[in-house]
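K.L.:
Structure, please.
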Amino acid sequence: MRTRLLSLSMLMAAFAICLSLFPGIAHAEATYKTYSQDAFRTPDAYEPVGAIEKAGDTDFLGPSDIYIDEKDVLYVADTGNKRIVELTRDGKLLRTIGTDVLQSPTGVFVDAKGAIFVADNGLEQVLKFNSEGAVVQKFGRPDSPLYGKSTPFKPMKVTVDKRGNVYIISEGTTNGVIQMSPAGDFVGFFGTNQTQPTLKLRLQRFFFTEKQMEKLFKSVPNTPTNIAIDAKGLVYTVTQGDASESIKRLNISGYNLLPSGIFWDPTYTDMFVSASGNIFLVSQKGYFYEISSEGDLLFQSGSPDDGKSRRGLLLNGSGIALDSGDHIYITDKERNIIQMYEPTEFADLVHRALDLYKEGFYVKSQQPWHEVDQRNSLFFLAHRGLGDAYIKQQLYADAMDEYKKANDVGGYSNAFWEIRNRWLQQHLLNVILIIIGLMLLRSILRWIHRKTGVFGAVIRANRRMLNIRIIQELLFLFRFIKKPMDGIYGIKEESRTSNLSATLLYALLLIEYVFTLYNTGFIFNQADSTSINLTKELAMLIVPLAVWVISNYLVSTISEGEGKFSEVYQGTIYSLAPYLIFHPFVVIASNGLTLNDSFLFSFANTIITAWCAILLFIMVKEVHDYTIRETFRNLFITLFTMLIVSLVVFIVYVILHQVYDFGYSVIQEMITRAEL
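P.N.:
Numbers count the residues shown, from 1 in each chain. Presented below is the predicted three-dimensional model:
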């Protein structure tokens, strides 16, 4: 027993000695989940390995920014303590800078020569310290007329390019990033955000006079939140609240090179661009992200602190940076610590595959992408990378399968174009010969029938079938397309249709709708067939049609319309004749089109939709015997009635749902009391 206690004591002592070697650092396992594109769960990419809780003997107080130089030295803007602290990667204090100068340092940057730039919001200046820690230059508010008299200058963040130009994020400056020369002269504003006028503002501009518009609050762009610069000298900005372009990569002219609408968090606070070009971001919510150089979300990690102060969780992420080993350091100005994370084996695997992929070594990246796919079959970049590898090896069918899994329409289209082109080269002549042969065969058979009458029995049977009442009513659909006025007359006066034939056509409409959902080409419909809620989809078609027929009939009865309910019921489905006849062919053709041919698909659907709308307009006009003006009025009131009916149905549904919940709760309470 004493031996066991002695061994346990020795293990605890050894553990304590290991901890003492890294002052201010504690270690823990991951306490959060990791997600990739489209919120798919993925193996953890980064796991917490500790936290730096103080600089020397002094606790941090609101650390708001962090920078790591080429030597892996950490520079932390310790705002509350009015200083910049230099730390080693394991948290050992090297020195403090600016304790007698700084007032409220909120941003820090170190250039290649070791000069330290500090954005001080309290001093309203950017201070440049030399490698010895002495102030050698101050960047104050520009006195240039181009800057503007009312434009504030309250530096929050700062970065410097290779030429020594200084880029400053100023609180409340809506003109963009402030650019200053190495000598401190104002160069201009850079990367100005754009305003997106709301519908309300557009209506105000249309109806209000200039004097009235002057009294309104002006629409101003959002102020950038933070700034970073990559190894190539490209400037990146983050803007909180900008849903379309929250992350920008700016060229020399200030234009955004990243796609708009990439993954958005409304509370981004800081960003860092790695040597490989990947973008790392942290948000106030407690999440941190890694986005590829093309704007694809690789990993969403972290989680808001639940109040238990667990390692790896953030209360208010304020700064993010990476060292040479891809370890992530994040400042948390609420918990006053620096969280540390290291990449997992899965993250290293993704990075290795992605680096090969970005260098154009698609075939070499195939093996690591396969390993990524084995660990996470829903990781879309793995499937895209495999698709590109198969393209290089001319395995186009396999490439199509991978692109489909990655939901990559462009890649799928390119692979399919190759397959289609190869098929046409091999079979186009045969197809043309078969068509010509069938046409010749038809002519020969017709000539034989004229000479011998051999097919008379078949023709008589066909005529007897066409004389069947229900078949005639169904085929009247083609008459409706050719001559819509005669078609309406046939419905209203000649009884050429019936409720039975109309019902069968409505059933055909449902069948074609389901056929469209499941058989439209992937390029034009990326929905997963296994995730389609067929009941919901059919309800979205049946309910509007039923409400339309009922609403139009009710409106016509109070607006001197002559149409009967059966005529509206039948006329509506016959007005959809172009969809019933031609749309299945469009759906089938969509499986043979590429993105280059997409205009054919959209044009065909536009023609069919417009054709149906025109026939529906003619039907309402003729069935109810309206003028054109009365028809427009009837259609407008019908649509308004449909809206009212929808609202009433929704209200009734909510009430019934509440009654059901109440009744269910009462019954459960009675059962519980009975058991007691």
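K.L.:
Can you get me a residue count around the residue nearest to Arg422 when sequence neighbours are not counted?
P.N.:
Excluding the flanking residues, the one nearest Arg422 by Cβ to Cβ, 6 or more residues apart in numbering is Tyr396, at 7.8 Å. For glycine as for every other residue, the C-beta is placed from the backbone atoms N, C-alpha and C. Neighbours of Tyr396 under the rule other Cβ atoms under 10 Å: 20.
K.L.:
So Ser318: helix, strand or coil?
P.N.:
Under DSSP: H, G, I helix; E, B strand; the rest coil, Ser318 falls in the strand class.
K.L.:
count of neighbours near it?
P.N.:
25.
K.L.:
What pLDDT does the model give it?
P.N.:
Predicted confidence (pLDDT) for Ser318: 93.
K.L.:
Quick check, Asn193 in contact with Thr239.
P.N.:
Yes - between Asn193 and Thr239 there is a contact at 5.7 Å, judged by Cβ atoms under 8 Å.
K.L.:
now for the one helix or strand Gln668 maps to, which elements pack on it?
P.N.:
Assigned by DSSP states H and E, Gln668 belongs to helix 628-675. In terms of contacts (3 or more Cβ pairs under 8 Å, 6 or more residues apart in numbering; DSSP states H and E), helix 628-675 is packed against helix 534-557, helix 598-623.
K.L.:
Of all the ones you listed, which one comes closest to Phe524?
P.N.:
The closest of those to Phe524 is helix 598-623. By Cβ to Cβ, the value is 5.6 Å.
K.L.:
Specify the angle between that closest one and helix 628-675 in degrees.
P.N.:
Per axes from the mean of the first three to the mean of the last three Cα atoms, to 10 degrees, the angle that helix 598-623 makes with helix 628-675 is 100 degrees.
K.L.:
Could you tell me how far helix 598-623 lies from the centre of the chain?
P.N.:
Taking Cα atoms, centre = their mean, to the nearest Å, the mean C-alpha location of helix 598-623 is offset from the chain mean by 31 Å.
K.L.:
State the mean pLDDT of that helix.
P.N.:
Computed over helix 598-623, the average pLDDT equals 93.
K.L.:
List the buried residues of that helix.
P.N.:
Across helix 598-623, burial judged by 16 or more other Cβ atoms under 10 Å covers 598, 601, 604-605, 608, 611-612, 615-623.
K.L.:
What is the neighbour count of Gly148?
P.N.:
The local packing of Gly148 (other Cβ under 10 Å) involves 12 other residues.
K.L.:
Also Glu560?
P.N.:
Glu560: 11 surrounding residues under other Cβ under 10 Å.
K.L.:
Could you report the separation of it from His624?
P.N.:
As judged by Cβ to Cβ, to the nearest Å, Glu560 and His624 stand 8 Å apart.
K.L.:
Then Thr503?
P.N.:
For Thr503, the distance to His624 (Cβ to Cβ) stands at 22 Å.
K.L.:
With Asp38 instead?
P.N.:
Distance from Asp38 to His624, counting by Cβ to Cβ: 49 Å.
K.L.:
if we can go back for a sec, what about Thr503 and His624, which has more around it?
P.N.:
Shown here are Thr503 and His624; by other Cβ under 10 Å, His624 has more neighbours (25 against 13).
K.L.:
In terms of helices and strands, where is Phe288?
P.N.:
Using DSSP H and E, Phe288 sits within strand 287-291.
K.L.:
Sheet partners, orientation included, of that strand?
P.N.:
strand 279-283 (antiparallel), strand 297-302 (antiparallel) (DSSP bridges).
K.L.:
Contacts for that strand, please.
P.N.:
Strand 287-291 is contacted by residues 45-46, 247, 262-263, 265, 278-283, 297-304, 314, 317, 320, 328, 330 when judged by Cβ atoms under 8 Å, 6 or more residues apart in numbering.
K.L.:
ditto for stretch 563-577
P.N.:
Stretch 563-577 has contacts (Cβ under 8 Å, 6+ apart) with 476-478, 480-481, 487-488, 491-492, 497-499, 501-502, 505-506, 509, 545, 548-549, 552-553, 556, 580, 612, 615-616, 618-620, 623-624.
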